[in-house]
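**Student:** Provided below for reference: sequence and predicted model.
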Amino acid sequence: MTPRKIAGGFAGLFLILALCGGLFLWQPVPTAADFRGAPVQMTALSQPVAPVADAKLRVLAQALALVEEQYVEPKTPKDLIYGAIQGAVSTLDSHSSFMNPEEYRELQIETKGKFSGIGIEITLKDRILTVVSPIEGTPAYRMGLQAGDQIVKINGAPTKNMSLTEAVKAIRGPKGSKVTLTINREGFAQPKDFAIVREIIPIRSVKARIIDGGIGYIRLANFQDQTDQDLQAYLKKMQQRLTPFKGLILDLRNDPGGLLEQAVRVTDEFLSSGLIVYTEGRSPQQNMRFYAHPGKKIEVPAPMVVIINEGSASASEIVAGALKDQKRAIVIGTKSFGKGSVQTIIPLEDGSALRLTTALFHTPSGATIQDKGIVPDEVVQEPEIPVGKSLQKVREESLSKHMRKEGLTDKPWSQPIAAAELDQDPQLKRAVEMLRNWPPKKLAQQPK
């Protein structure tokens, strides 16, 4: 099998309800399938695993034998061995885990198409099940889930000590069925229940509009197989329509990630040279560097503004970080999520698999994204919720506009974004102001 860079965010595994899991390195097997949601790389083991010292194995074997022989309830050797592996992995970070053959098989099958879910990307943050981002237009988004929400219960069952795999299995389910998430959020006096009906959720990766004055607007919802091609198609249309092409806005808000190779290709579209991202781990095999290169691409010499928020994670952080460090774009909005660890999915001989954190990825300047995120060049807060309205109500109204084809990216791409639409989105409005008065003489708020 030829190695191919693919992904998940993590950092997740993009299961529509996705695991947020960072950059993945997946050792291929004949039934390999793309992991979605965080950057992923398929690779092969370069050297055999070192044998464990006999003395250590004897202690482990002795303990397992005692449990098998004397524990009050019978346990099979497989149960004890899998439990031992899970116990060992649990001493590592919150993103490493063990998958039994059934869990690993499900993961391979479920990442091949559209699935029933609620539309969130999740991760373990400080060992707490946390929402990275709800996907726009999905059940989770309409119900008002937010980046940073802590999921403390799933259908009444506490999530403490629950693995990401277990959480996905509990939240996922048939279309039309309901799952109740108990959410803890800053500002809540106590956790609240959100009853959410699962749906089949098609995801459209690239959306676009134009803005009077020669400015293009492109929204990336995630990074899929065709994202770079769809991006190129819109850029080509913009070049033909916008004369002169004075500026481009790349909106990465609430983009939870996607394929690593697509994050690199999207970034490469706007750079002719230079480092895009690199990873560092204990093993030389984990040390990778990805560069931009000159070649056949849609030339966009116009200045750029990138918009991010706390729902921007993984692959979208790679793009924002590279364009910022290479001085290709000004980044505005709020600090991104901060998902920059690298996981390797390694199949074991009995069909089970290990998911190990093996490296961190860094922006061209050497900054790590993990737990730090991308800090914007200018902080521009998102619009406040009107007094007397809940986030759920605001999103329901937004969905209603979307159903009537009145949302920002629901109208024809060539229909200019009106001033009234910009007034409802202060971050987008600020980006337009910057491009209309390029180069910006002064940034409104310098981050500390």
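**Tutor:** Cool, got the structure. The model shown is predicted, which means the values in this text are computed figures rather than measured ones.

**Student:** can you give me the strands for the stretch 301-448 of the chain?
**Tutor:** Counting by DSSP state E, counting those that start in this stretch, the stretch 301-448 of the chain has strands at residues 304-308, 329-333, 341-347, 353-362, 378-379.

**Student:** any regions of the stretch 101-250 of the chain where pLDDT drops low?
**Tutor:** Applying pLDDT under 70 to the stretch 101-250 of the chain flags residues 106-115, 202-203.

**Student:** which residues in it form helices?
**Tutor:** Per DSSP state H, counting those that start in this stretch, the stretch 101-250 of the chain carries helices over the ranges 101-110, 139-142, 164-171, 227-241.

**Student:** single out the most deeply packed of the ones you listed.
**Tutor:** The highest mean neighbour count among the helices of the stretch 101-250 of the chain, using mean count of other CB atoms under 10 Å, belongs to helix 139-142: a mean of 24. Yep, even glycine has a C-beta here, placed from its N, CA and C like the rest.

**Student:** longest helix anywhere in the chain?
**Tutor:** Looking across the chain with DSSP state H, the single longest helix is helix 54-70.

**Student:** what comes up buried for that one?
**Tutor:** By neighbour count on 16 or more other CB atoms under 10 Å, the buried set for helix 54-70 is Leu64.

**Student:** make CSV from the helices of the stretch 101-250 of the chain and add distance to Leu422 to it.
**Tutor:** Output for those, formatted as CSV (distance: least, CB to CB, whole Å):
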stretch, distance to Leu422
helix 101-110, 39
helix 139-142, 22
helix 164-171, 36
helix 227-241, 18
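
**Student:** out of these, which gets nearest to Ile346?
**Tutor:** Ile346 lies closest, by CB to CB, to one member of those: helix 101-110, at 10.4 Å.

**Student:** show me what the longest helix of the chain is packed against.
**Tutor:** If you count contacts as 3 or more CB pairs under 8 Å, 6 or more residues apart in numbering; DSSP states H and E, helix 54-70 packs onto helix 77-89.

**Student:** list the contacts of the longest helix of the chain.
**Tutor:** Helix 54-70 is contacted by residues Lys75, Pro77, Leu80, Ile81, Ala84 when judged by CB atoms under 8 Å, 6 or more residues apart in numbering.

**Student:** which one (most neighbours) among those?
**Tutor:** Greatest neighbour count in the contacts of helix 54-70, by other CB atoms under 10 Å, goes to Leu80: 17 neighbours.

**Student:** which residue is the nearest non-sequential neighbour of it?
**Tutor:** Nearest residue to Leu80 in three dimensions, chain neighbours excluded: Leu64, at 4.8 Å (CB to CB, 6 or more residues apart in numbering).

**Student:** check that neighbour and give its pLDDT.
**Tutor:** We have a pLDDT of 92 for Leu64.

**Student:** got it, and Gln86?
**Tutor:** 89.

**Student:** for the residue lying closest to it once chain neighbours are set aside, give me its contacts.
**Tutor:** Leaving aside its chain neighbours, Gln86 sits nearest to Phe98 (4.9 Å; criterion: CB to CB, 6+ apart). The contact partners of Phe98, by CB under 8 Å, 6+ apart, come to Tyr82, Ile85, Gln86, Val89, Ser352, Ala353, Leu354, Arg355.

**Student:** buried subset of the residues you listed, written for PyMOL?
**Tutor:** In PyMOL, this line selects whichever of those come out buried by 16+ other CB under 10 Å:
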select buried, resi 82+89+352+353+354+355
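
**Student:** and which of the contacts of Phe98 is nearest to Glu299?
**Tutor:** Nearest to Glu299, judged by CB to CB, of these is Arg355 at 40.5 Å.

**Student:** which residue packs closest to the closest one, ignoring adjacent ones?
**Tutor:** Sequence neighbours aside, Ser97 is the residue nearest to Arg355 in space, at 4.8 Å (criterion: CB to CB, 6+ apart).

**Student:** how close does the one you found get to Ala320?
**Tutor:** Separation of Ser97 from Ala320 (CB to CB, to the nearest Å): 28 Å.

**Student:** more neighbours, these two?
**Tutor:** Higher neighbour count among Ser97 and Ala320: Ala320, with 28 against 24, using other CB under 10 Å.

**Student:** quick one: the more buried one and Val331 touch, right?
**Tutor:** Yes: applying CB atoms under 8 Å as the test, Ala320 and Val331 come out as touching, 5.5 Å apart.

**Student:** which residues are in contact with each of those two?
**Tutor:** Shared contacts of Ala320 and Val331, counting by CB under 8 Å, 6+ apart, come down to Val306, Ile308, Ile374.

**Student:** setting aside sequence neighbours, what's the nearest residue to the last one?
**Tutor:** The shortest distance from Ile374 to any residue other than its chain neighbours is 4.3 Å, reached at Ser336 (CB to CB, 6+ apart).

**Student:** now do Thr138 against Ile211, distance only.
**Tutor:** To Ile211, Thr138 is 27 Å away according to CB to CB.

**Student:** next one: Ser96
**Tutor:** In terms of CB to CB, Ser96 sits 45 Å off from Ile211.

**Student:** ok, now Glu310?
**Tutor:** 25 Å.

**Student:** ditto for Thr165
**Tutor:** Counting by CB to CB, the gap from Thr165 to Ile211 is 43 Å.

**Student:** domains for this structure, by residue range?
**Tutor:** The chain breaks down into these domains under automatic domain parsing: 116-200, 206-275+291-338+369-436.

**Student:** now do the longest helix of the chain: distance to the chain's middle.
**Tutor:** Distance of helix 54-70 from the chain centroid (CA atoms, centre = their mean, to the nearest Å) equals 41 Å.

**Student:** how far off helix 77-89 does that helix point, in degrees?
**Tutor:** 130 degrees (axes from the mean of the first three to the mean of the last three CA atoms, to 10 degrees).

**Student:** follow-up on the earlier one: got a pLDDT number for the residue nearest to Gln86?
**Tutor:** For Phe98, pLDDT reads 90.

**Student:** Gly274 is in contact with Gln326, isn't it?
**Tutor:** Yes: Gly274 is within contact range of Gln326, at 5.0 Å (criterion: CB under 8 Å).

**Student:** find residues that contact each of these two.
**Tutor:** Joint contacts of Gly274 and Gln326 (CB under 8 Å, 6+ apart) are Ala292, Pro364.
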